[in-house]
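Trainee: Pasted the sequence and its predicted model underneath.
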Amino acid sequence: MNIFRKAVIDALKKETELEEGELNLLLEIPPSPELGDYAFPCFSLAKKFRKSSYLNFFIDRQRQAEIAISEILEKKERYGSGSKKNQKMMVEFFHANTHKAVHIGHIRNICLGEALSRIFEFNGFDVIRVNYQGDIGPHVAKCLWGVLNFKEKHPEKKKSLWLGEIYMRANEKIEKNPGLEQDVKAILKKIYDGDKELVKLWKETRKWCLDEFEELYTEFDVKFDRLFFESDMEFPAREIAKELVKKGIAEESDGAIIVNLEKYGLGIFVLLTKEGTALYSSKDIVLAKLKFSEYSPDKSIHVVGNEQRLHFKQLFKTLELIGMKEIAEKSHHLAYGLVMLPTGKMSSRLGNMVHYENLKQQLAELAGKEVEKRHSEWNPNKKEKTAKSIAFAALKFGMLNRENNRDLIFDWEQALRFEGETGPYVQYAYARICSILRKHGKGAEKGNPGLLEKKEEEKIVCLLSQFPGIAAEAAENYKPLNVAKFLIELSQALNEFYHSCPVLQEEDKGLRNARIALIIAARQVLGNGLNLLSMDALEEM
C-alpha cells in the first residue's frame, strides 16, 4: 500500500468506525483523474440523496512525484514488494501427464502458476511450488498398448511428442474396437501387479517424458520444490477408500466404492472402480494428507481447469466429512478456461491439439523474422536469444492477459505484435527507455520531480505510485491479470508521454533531468512487473 492510500485510510479511520482492511476494500480509484485520486463511497449520503455519493481525495502532485520517484530509485527491484509474512502459500500447477505431449492448455497452466508464485513471493509470502503429474492410469495403458502393438521405433529426440501421437492413434483404434478395452485394462493391472517387462517399459517411457518436462521447466524458468506422482497414490488411496467404508462415510455401490454427496447437491464421488482401482478422487485425498503433513501450508492452491470445478467441490466436502476440515478450508481451486485457436476447440484425444513443441517453433520463427527485420546487423546468437525472449513474452502474456476463469483464444500472430495489448509491446516500452538513456549517455542526474506538471507526466507518476497496491491486490485475489493490465496501461502512458514531452530534446536542463528521472523510475517498475510475469526485460529490440 503506498503512503497516499495509507494517509487517506488513516484519515477515514478517524471519521468512521471501520477498520483499515475494510476501508482499503471500499476505497476506489475513480475512472477519471478529474474525479480525484481516490474515492470513498458514502452509503449514508447515498441513501439520503438517492444517488451514489462519494468523498473524493486529491493528491498533491508535486509531493507525489517527489516521493514516488525517490522511493523507486532507492528500492529498485524491491519497489512495490511486501514485507515478510509468516505464511506459506503452496501453489500446485502444470500437471502434465506423462505418455502424452505437452499442449497449449498446459502452457496457460504453467504461466498462471509461476506468475502467481512470483507475485506471492514479491508480497512477502513463502512459496512452495509443487506439481502433481498423471504418470499412471488408462491413458498410460493405452499408450503402452500402442507401443507394443504398433512396434514402431522411437525417435532419438522429442520422444514425448512421439508417445503422444502413439496414444492418439491407439485411442482411435480402441474406440473403433471396444473389445480392446479389456487388453488396456489388463496392461494397467499388470503394471500394478508388478509385471517385470511392463513395469520396465512403463518406467523407461515415463522417464522420457519426465526428462523433457525438466527441459520445459528450464525454458519457463520454473523450479518445483516437490514433484508428486499419481502412481505413488494408488495403493494408499485404495486403503483409505476401504477405511472410509468401515467408518460409514463411504459405501459400496455396484462393486465400486463411493461417497454419496447428493444431499449437498454434489452428486456421487466415486473413490474406487468396481475393479478396485483408485480414481482421482481417492488419490487426491491421499495427496492432500501428504502435502499438509510435509509442508503445513497456510493455503494450498490448485491451478486446474474449469472442467474440474465439481471434482474439487466434491473433494473439499469429502475432506470435511472425513475429519480434514482444516485442510479443506485451506484449499482453493484456481480455475482457468480452455485455450482455443481462432479455428476452434482442441482435443488431445481427437488429435487436433496444438503441441507445445510446434507452438514454440512457430513463435520463435515469427519472432526471428521481426528481429531480422529490425536488426539485420546483429550477430546470429544475439538474434536468436532476443527472438526467444520475445516469443516467450508473447506466449506468457497472451496466457495471462485475460480473466483466468474465461476461455482464451490464442492468436500467435496477434500475440507477437509490438503494438496493442501484448508482451512484446511491454518489452518494447522497456527497451525504448533503455535506448533513450543510452543516447543520454550520462549518469542519472538529480532532477526535481516537482517540475513534472504536464498531464502526461502526472499520469505516469500516478501509475508508478499505484504499483505496490496493484501487486498486493494481485496476490490477495490470485490474479496475475492485474499486473498484466497495469503493464499495458503504463506502456501506453509512456507512449503518450513521448509525443507530448520530449526528453533529450528538452532545452530546460532541470525539466530534462526530471524527465530522465521519471523514465528511469518507469523502467524500474516495468522491469519489476515483467519479472512478476516471468518475462524478460530486454534492453534492445
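Mentor: Everything's here; your move. Numbers count the residues shown, from 1 in each chain.

Trainee: Going by secondary structure, residue 359 is in what exactly?
Mentor: For residue 359, the enclosing helix or strand under DSSP states H and E is helix 356-374.

Trainee: hmm, who's touching that helix?
Mentor: Surrounding helix 356-374, the residues in contact under the criterion C-beta atoms under 8 Å, 6 or more residues apart in numbering are 101-104, 106-107, 158, 161, 216, 219, 378, 383-384, 386-388, 390-392, 394-395, 412-413, 415-416, 418, 424, 541. C-beta coordinates here come from the backbone N, C-alpha and C atoms, glycine included.

Trainee: residue ranges for the helices of the stretch 201-350 of the chain, please.
Mentor: When secondary structure is read from DSSP state H, counting those that start in this stretch, the stretch 201-350 of the chain shows helices at 234-246, 280-295, 309-321, 325-330.

Trainee: Reformat the ones you listed as CSV; add mean neighbour count, mean pLDDT and distance to residue 13.
Mentor: Converted to CSV, those look like this (neighbours: other C-beta atoms under 10 Å; pLDDT from 0 to 100; distance: least, C-beta to C-beta, whole Å):
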stretch, mean neighbour count, mean pLDDT, distance to residue 13
helix 234-246, 17, 97, 49
helix 280-295, 20, 98, 37
helix 309-321, 19, 98, 36
helix 325-330, 15, 98, 30
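
Trainee: Turn those into JSON lines, columns for distance to residue 517.
Mentor: Written out in JSON lines, the entries for these read as follows (distance: least, C-beta to C-beta, whole Å):
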{"stretch": "helix 234-246", "distance to residue 517": "60"}
{"stretch": "helix 280-295", "distance to residue 517": "44"}
{"stretch": "helix 309-321", "distance to residue 517": "49"}
{"stretch": "helix 325-330", "distance to residue 517": "45"}
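
Trainee: and the following helix or strand past the helix holding residue 359, average pLDDT?
Mentor: Going down the chain from helix 356-374, the next helix or strand is helix 380-400, by DSSP H and E. This predicted structure assigns helix 380-400 an average pLDDT of 97.

Trainee: Output helix 380-400 as PDB - backbone C-alpha positions only.
Mentor: As requested, the backbone C-alpha atoms of helix 380-400 are provided in PDB (Å, rounded to 0.1, in the frame of the first residue of the first chain):
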ATOM      1  CA  PRO A 380      23.100 -14.700 -35.100                       C
ATOM      2  CA  ASN A 381      23.400 -15.600 -31.400                       C
ATOM      3  CA  LYS A 382      22.000 -12.300 -30.300                       C
ATOM      4  CA  LYS A 383      19.200 -12.500 -32.800                       C
ATOM      5  CA  GLU A 384      18.200 -16.000 -31.700                       C
ATOM      6  CA  LYS A 385      18.400 -15.100 -28.000                       C
ATOM      7  CA  THR A 386      16.300 -11.900 -28.500                       C
ATOM      8  CA  ALA A 387      13.700 -13.800 -30.700                       C
ATOM      9  CA  LYS A 388      13.400 -16.400 -28.000                       C
ATOM     10  CA  SER A 389      12.700 -13.800 -25.300                       C
ATOM     11  CA  ILE A 390      10.100 -12.100 -27.500                       C
ATOM     12  CA  ALA A 391       8.400 -15.400 -28.300                       C
ATOM     13  CA  PHE A 392       8.100 -16.400 -24.700                       C
ATOM     14  CA  ALA A 393       6.900 -12.900 -23.700                       C
ATOM     15  CA  ALA A 394       4.200 -13.200 -26.400                       C
ATOM     16  CA  LEU A 395       3.200 -16.600 -25.100                       C
ATOM     17  CA  LYS A 396       3.200 -15.900 -21.400                       C
ATOM     18  CA  PHE A 397       1.500 -12.500 -21.700                       C
ATOM     19  CA  GLY A 398      -1.100 -14.000 -24.100                       C
ATOM     20  CA  MET A 399      -1.900 -16.600 -21.500                       C
ATOM     21  CA  LEU A 400      -2.200 -14.100 -18.600                       C
END
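
Trainee: Next, the angle from that helix to helix 356-374.
Mentor: Here helix 380-400 runs at an angle of 120 degrees relative to helix 356-374 (axes from the mean of the first three to the mean of the last three C-alpha atoms, to 10 degrees).

Trainee: Centre-most residue in the chain?
Mentor: residue 112 (1.1 Å; C-alpha atoms, centre = their mean).

Trainee: Doesn't residue 129 belong to a strand?
Mentor: Yes - under DSSP: H, G, I helix; E, B strand; the rest coil, residue 129 falls within a strand.

Trainee: how close does it sit to residue 221?
Mentor: 12 Å (C-beta to C-beta, to the nearest Å).

Trainee: Flag the shaky bits of this protein, pLDDT-wise.
Mentor: Scanning the chain with the threshold set as pLDDT under 70 gives 1, 43-52, 344-353, 443-445.

Trainee: Residue 339 is in contact with the residue nearest to the centre of the chain, correct?
Mentor: No - with contacts defined as C-beta atoms under 8 Å, residue 112 does not count as touching residue 339, sitting 11.0 Å away.

Trainee: quick revisit: so which of residue 129 and residue 221 has more stuff around it?
Mentor: Looking at residue 129 and residue 221 with other C-beta atoms under 10 Å, you find the greater number of neighbours at residue 129, namely 21 against 13.

Trainee: Isn't the more buried one up against residue 220?
Mentor: No - because the distance of 11.5 Å does not satisfy C-beta under 8 Å, residue 129 is recorded as not touching residue 220.

Trainee: now the strands for the stretch 151-300 of the chain?
Mentor: Read by DSSP state E, counting those that start in this stretch, the stretch 151-300 of the chain holds these strands, from start to end of the chain: 226-229, 251-253, 256-260, 268-272, 299-305.

Trainee: between these, which one is nearest to residue 206?
Mentor: The minimum distance between residue 206 and those falls on strand 226-229, with 8.9 Å, by C-beta to C-beta.

Trainee: Would you mind listing the buried residues in the closest one?
Mentor: Buried positions in strand 226-229, judged by neighbour count with 16 or more other C-beta atoms under 10 Å: 227-229.

Trainee: Send me that strand as PDB with only the CA atoms.
Mentor: The C-alpha coordinates for strand 226-229 follow below in PDB (Å, rounded to 0.1, in the frame of the first residue of the first chain):
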ATOM      1  CA  ARG A 226       8.300 -31.100  -4.900                       C
ATOM      2  CA  LEU A 227       7.100 -33.400  -7.700                       C
ATOM      3  CA  PHE A 228       4.100 -35.700  -6.700                       C
ATOM      4  CA  PHE A 229       3.100 -38.600  -8.900                       C
END
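
Trainee: which strands and helices sit next to that strand?
Mentor: For strand 226-229, the elements it packs on are strand 126-133, helix 280-295, judged by 3 or more C-beta pairs under 8 Å, 6 or more residues apart in numbering; DSSP states H and E.

Trainee: And those: which comes nearest residue 205?
Mentor: Distance to residue 205, taken as C-beta to C-beta, is lowest for strand 126-133 among the helices and strands packed on strand 226-229, at 13.7 Å.

Trainee: That closest one versus helix 280-295: what angle between them?
Mentor: With the same axes, to 10 degrees defining the directions, strand 126-133 sits at 150 degrees from helix 280-295.

Trainee: downstream neighbour of strand 126-133 in the secondary structure list?
Mentor: Next in sequence after strand 126-133, counting helices and strands by DSSP H and E, comes helix 138-150.

Trainee: got the buried residues for that next one?
Mentor: Buried residues in helix 138-150, counted by 16+ other C-beta under 10 Å: 138-147.

Trainee: Same check on stretch 504-520?
Mentor: Under the neighbour-count criterion of 16+ other C-beta under 10 Å, stretch 504-520 has 511-520 buried.
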